[in-house]
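>>> structural data only, the sequence is not supplied:
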């Protein structure tokens with residue numbers, strides 16, 4: 001009997017010694033792959049999650065958003081963003097030109113967010129009634145999906161959800177109906193809290209664009225910045241490096257509109 005017990009204890013010892021005491025630690029912290037690359041965590045310790053979320057919430061984040069593209073300047077904008085390793089959000093229109101085709105493709109290839117704006121951007125049509133508004137949106141969606149595989153739930157009203165055209169010519173009931181249908185269909189409409197003023201006129205100077213953004217972002221925690229990607233506005237491209245440098249000096253990091261991003265509504 002003593003011999004049997006001794007053998008049993010020896011077997012238990014051998015099995016216990018064969019366990020990897022660092023296996024659990026590697027599961028949490030990651031392990032080295034075949035090429036020596038660090039593998040991502042399989043699990044995130046629960047005690048770390050609240051701290052990480054709190055840190056993220058306290059960060060100053062700038063969201064560069066470009067309306068009305070693609071344009072003949074899109075590639076220049078993308079090149080600048082690449083130089084600074086920044087991802088932006090492009091609220092695009094319907095454009096069948098060859099340069100636009102390349103613009104759509106490069107936005108996707110370089111990892112930016114492509115969202116909905118308007119196919120025509122014709123206020124007199126899209127704000128005529130609810131049916132015309134959604135016809136325009138659906139036309140844009142169909143083009144983006146068919147040609148580029150792009151789908152998005154994010155949309156920006158031409159002129160924003162509250163503009164002079166809407167205030168003067170659109171009945172509140174109609175606009176309320178559009179907003180409700182957008183919500184019912186799962187769309188998220190996005191306005192802004194920093195206006196670069198570059199959409200006012202091609203005559204707006206580079207300096208004005210830069211100062212408008214940096215001044216507007218100064219007291220924000222999350223800055224959703226309105227810029228434009230249009231053929232007639234070269235000064236936006238010229239201003240972009242200084243805008244990025246200025247925002248970085250104010251302590252901003254950069255991100256694109258996606259899940260968990262702050263959303264600004266005018267109405």
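Arrived safely, thanks for sending. Keep in mind that this is a model prediction, so the values were computed, not measured.

>>> show me where pLDDT drops low in this protein?
For the chain, applying pLDDT under 70 flags the ranges 1-56.

>>> all helices for it, in order.
In the chain, helices defined by DSSP state H lie at 2-17, 23-29, 49-58, 74-83, 98-109, 123-126, 130-148, 164-169, 172-184, 206-217, 234-249, listed in chain order.

>>> the ones you listed: which one's closest to residue 259?
Residue 259 sits nearest to helix 49-58 of all the helices of the chain, at 12.8 Å, using CB to CB. Any C-beta I mention is one placed from the backbone N, CA and C, and that applies to glycine too.

>>> could you dump the helices of the chain to CSV with mean neighbour count and distance to residue 115?
Shown next, in CSV, are the helices of the chain (neighbours: other CB atoms under 10 Å; distance: least, CB to CB, whole Å):
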stretch, mean neighbour count, distance to residue 115
helix 2-17, 9, 57
helix 23-29, 11, 37
helix 49-58, 10, 22
helix 74-83, 18, 15
helix 98-109, 16, 10
helix 123-126, 16, 16
helix 130-148, 16, 10
helix 164-169, 12, 20
helix 172-184, 14, 13
helix 206-217, 19, 20
helix 234-249, 19, 18
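
>>> residue 257: which of those helices is closest?
helix 98-109 (13.2 Å).

>>> could you list every helix and strand in contact with the closest one?
Using 3 or more CB pairs under 8 Å, 6 or more residues apart in numbering; DSSP states H and E as the contact criterion, the secondary-structure elements in contact with helix 98-109 are helix 74-83, strand 89-93, strand 113-118, helix 130-148.

>>> that helix to strand 113-118, inter-axis angle?
What separates the directions of helix 98-109 and strand 113-118 is an angle of 140 degrees, with axes from the mean of the first three to the mean of the last three CA atoms, to 10 degrees.

>>> next, the angle helix 74-83 makes with helix 98-109.
Using the same axes, to 10 degrees, the inter-axis angle of helix 98-109 relative to helix 74-83 is 20 degrees.

>>> next, the angle from helix 98-109 to strand 89-93.
Computed by the same axes, to 10 degrees, the angle between helix 98-109 and strand 89-93 is 150 degrees.

>>> since that was my last question, I'll sign off now.
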